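Student: heads up, no residue letters with this:
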DNA sequence: CTGCCTTTCGTGCAATGGCTAACATATTAG
DNA sequence: CTAATATGTTAGCCATTGCACGAAAGGCAG
């Protein structure tokens, strides 16, 4: 067996199981553990994996992070519920935009097997979807923001302006019946505005803690979106308002 | 057996198994291993395959382009040497562009700790550099190409046109004294052209197997770059040519 | 937490086999 | 027949792999 083929086998196993054990690989590939160790050393050098005692684990884009990592584990059930609802809003063949929010990460994971064209400003979502062979992936470039692992700024906006999608799904920091959709940073707000302007249907995804709050930068009035997706039922004043203004809610 | 028939047999075996072993081929075709080696050398020059210790791996130019997962473990020492040389070409504070080649992956890993602004069309390089807190990262968006894990097409070109960098570092499939810099795909060729046009200094990085070859799509004449970085010393006719045309070489 | 035991790691060494380069021989074309 | 090209042979060097042994890491009982 060629060394290159052996490494391909290791990589395949790594992709499938996210980690490998030296003893298993050695038995499976009919070489000594030393050889496997040497391979893993090289692949670690090459940035493909990280070795541990007894084996190694995968190191591709999608991985444990600290910044967003902590935020990522917050409110997982809520995000899952929102993602489920969004999944049923999306139709096969749709062109959709996903922003860099962790809620959209959950959505991305859920739709990875569907037949869609996805435009995103998130590096993490790019990593989640790049392995899918049913998703056609486009990414908005621009300045990278490490905190959210997404692309922002003028470059991102200019790129986004070149696209037009069926459905834009964005999140925000705060949403208020009177003050509309707001976020903390101006740059991100303008990106969101552009996304809304370049979509046929616009959906806002938020968990219930975002309701009745206001943040610094105005994105758009509530009426700018076609629907709001939340993890639980809306309060009655919201139901009244949304019904009256013909905004769907899920 | 005719040489042409032998090569056809090698190609067939290569298509079927994705890789071949010299010993097997020699036995199978009733020639010495040296002859097989010579054949493989020629076919490597021809861009059909990549030789490895004990055999060769398929590199079927047009459609079956070998995927990056496999390609990244090939010619590692060569890429490391090239990356080292590039590292010393780059100065603190530089704005640089890195394309999606695996050689540039090595460069990215090497410069991750330096104080630079990096623009790239590669998702993998984005992943390598996004963790660095000394690198300011910008990414060219656009259509995602899973095979190379990079962004290509009109979107990428349009985004790239909005930037201007100190140094562009690009790779290519083939480089020839007479026919210049060429690559297999037209889309990638145009992206490279744009990168060259938007950089103050332009460097081409290649390993020695790329020399004296020609591929389908013309990128630029050799004189379009300021320097060429290779893993080993240049042949004397190249030294003459490059010196005469004031192209640096490393 | 400590000490003991097992497993894994790293390194040096040896053997096998592959690589290159130069030269010798065979084959083919003109 | 001769020159050119293709193939085989040989020798020395280099790469890969396996093996052995001391060091380090991890696990477990007390």
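Tutor: On my side now, so go ahead. Every value quoted in this text rests on a predicted model; they were computed, and no experiment measured them.
Student: who's in contact with residue A:76?
Tutor: For residue A:76, the contacting residues are residue A:106, by C-beta atoms under 8 Å, 6 or more residues apart in numbering or on different chains. For every residue, glycine as well, the C-beta is placed using N, CA and C.
Student: ok, now residue A:247?
Tutor: A:222, A:223, A:225, A:226, A:227, A:228, A:241.
Student: Can you report how many residues lie near the second one?
Tutor: Counted with other C-beta atoms under 10 Å in any protein chain shown, the burial measure for residue A:223 works out to 12 neighbours.
Student: Surely it and residue A:245 touch.
Tutor: Yes - using C-beta atoms under 8 Å, residue A:223 is in contact with residue A:245, at 5.4 Å.
Student: pretty sure residue A:9 belongs to a strand, no?
Tutor: No - when classified by DSSP: H, G, I helix; E, B strand; the rest coil, residue A:9 is found to be helix rather than part of a strand.
Student: ok, it touching residue A:30?
Tutor: No - with contact taken as C-beta under 8 Å, residue A:9 and residue A:30 are classed as non-touching, separated by 10.9 Å.
Student: Spell out which residues are contacts of both of the two.
Tutor: Any residue near both residue A:9 and residue A:30 by C-beta under 8 Å, 6+ apart counts here, and not one turns up.
Student: Counting neighbours around each, name which of those two comes out higher.
Tutor: Each of residue A:9 and residue A:30 had its neighbours counted (other C-beta under 10 Å), and the higher figure belongs to residue A:9 (16 against 9).
Student: and the closest residue to the more buried one other than its chain neighbours, how many residues sit next to it?
Tutor: Once its chain neighbours are removed from consideration, residue A:9 has its nearest residue in residue A:29; the separation is 6.1 Å (C-beta to C-beta, 6 or more residues apart in numbering or on different chains). For residue A:29, the number of neighbouring residues by other C-beta under 10 Å comes to 17.
Student: give me every residue that touches residue A:29.
Tutor: A:1, A:6, A:9, A:10, A:36.
Student: Quick check on residue A:180: phi, psi?
Tutor: Geometry field for residue A:180 lists phi and psi as phi 70, psi -150, criterion degrees, to the nearest 10.
Student: again with residue A:51
Tutor: Backbone dihedrals for residue A:51, given as degrees, to the nearest 10, come out at phi -80, psi 150.
Student: hey, what's it bridged with?
Tutor: Here residue A:51 sits in beta bridges with residue A:56, as judged by DSSP bridges.
Student: How about residue A:21?
Tutor: Beta-bridge partners, per DSSP bridges, of residue A:21: residue A:55.
Student: Now for it, how many residues are close by?
Tutor: Based on other C-beta under 10 Å, the number of other residues close to residue A:21 is 16.
Student: Surely it is in contact with residue A:55?
Tutor: Yes - checked against C-beta under 8 Å, the pair residue A:21 and residue A:55 is within contact range at 4.1 Å.
Student: Sketch out the low-pLDDT regions of chain A for me.
Tutor: A:61-74 (pLDDT under 70).
Student: Next to DNA strand C, which bits of chain A? Give me the list.
Tutor: Where chain A comes near DNA strand C, counting by C-beta under 7 Å from any atom of the strand, the residues are A:22, A:23, A:33, A:34, A:37, A:41, A:51, A:52, A:53, A:54, A:55.
Student: if you set the cut-off to 10 Å instead, what comes out?
Tutor: A:2, A:21-24, A:26, A:32-34, A:36-38, A:40-41, A:44, A:51-56 (C-beta under 10 Å from any atom of the strand).
Student: From these, list the buried ones, please.
Tutor: Burial by neighbour count, judged by 16 or more other C-beta atoms under 10 Å in any protein chain shown, picks out A:2, A:21, A:22, A:26, A:36, A:40, A:55, A:56 from these.
Student: Identify the residue spatially nearest to residue A:234, adjacent ones excluded.
Tutor: With C-beta to C-beta, 6+ apart, the residue lying closest to residue A:234 is residue A:249, at 5.5 Å.
Student: just residue A:241 next, same as before
Tutor: Using C-beta to C-beta, 6+ apart and skipping the chain neighbours, the partner closest in space to residue A:241 is residue A:177 (5.4 Å).
Student: What's the local residue count around that neighbour?
Tutor: Residues near residue A:177, counting by other C-beta under 10 Å, number 15.
Student: quick one: it and chain B, what's the gap?
Tutor: Between residue A:177 and chain B the distance is 35 Å, computed by C-beta to the nearest C-beta, to the nearest Å.
Student: Next, name the residue at the spatial heart of chain A.
Tutor: The structure's chain A has its C-alpha centroid closest to residue A:105; by C-alpha atoms, centre = their mean the separation is 2.7 Å.
Student: does the closest residue in space to it that isn't next to it in sequence belong to a helix or a strand, and which?
Tutor: Nearest residue to residue A:105, sequence neighbours excluded (C-beta to C-beta, 6+ apart): residue A:124, at 5.6 Å. Take DSSP states H and E as the rule and residue A:124 turns out to sit in helix A:123-129.
Student: now residue A:219
Tutor: Here residue A:219 is covered by strand A:217-220, with elements defined by DSSP H and E.
Student: Can you list the strands that that strand pairs with?
Tutor: In its sheet, and by DSSP bridges, strand A:217-220 pairs with strand A:180-183 (antiparallel).
Student: Tell me the buried residues in the strand it pairs with?
Tutor: Within strand A:180-183, the residues that count as buried by 16+ other C-beta under 10 Å are A:180, A:181, A:182, A:183.
Student: Of those, which ones also sit close to DNA strand D?
Tutor: Among the buried residues of strand A:180-183, not one lies near DNA strand D by C-beta under 10 Å from any atom of the strand.
Student: pretty sure the residue nearest to the centre of chain A is in a helix, no?
Tutor: Yes - counting by three-state DSSP, residue A:105 is located in a helix.
Student: right, and it touches residue A:123 too?
Tutor: No - when contacts are counted by C-beta under 8 Å, residue A:105 is not listed as touching residue A:123 (10.7 Å).
Student: backbone phi and psi for residue A:214, please?
Tutor: Dihedral pair for residue A:214: phi -130, psi 140, per degrees, to the nearest 10.
Student: Now the contacts of residue A:29 in TSV, please, with extra columns for distance to residue B:137.
Tutor: Written out in TSV, the entries for the contacts of residue A:29 read as follows (distance: C-beta to C-beta, whole Å):
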residue	distance to residue B:137
A:1	39
A:6	34
A:9	33
A:10	29
A:36	34
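Student: distance of residue A:225 from DNA strand D?
Tutor: In this structure, residue A:225 lies at 50 Å from DNA strand D, with C-beta to the nearest atom of the strand, to the nearest Å as the measure.
Student: And for residue A:79?
Tutor: Separation of residue A:79 from DNA strand D (C-beta to the nearest atom of the strand) stands at 32 Å.
Student: Give the burial count for that residue, as a bare number.
Tutor: Using other C-beta under 10 Å, the number of residues around residue A:79 comes to 23.
Student: Let me see the contact set for it.
Tutor: Remark: with contacts taken as C-beta under 8 Å, 6+ apart, residue A:79 is in contact with A:102, A:103, A:105, A:106, A:207, A:231.
Student: Excluding chain neighbours, what is closest to the most far-flung residue of chain A relative to its centre?
Tutor: Ranking residues of chain A by C-alpha distance from their mean position (C-alpha atoms, centre = their mean) puts residue A:32 at the top, at 40.4 Å. Of all residues not flanking residue A:32 in the chain, residue A:26 sits nearest, at 6.1 Å (C-beta to C-beta, 6+ apart).
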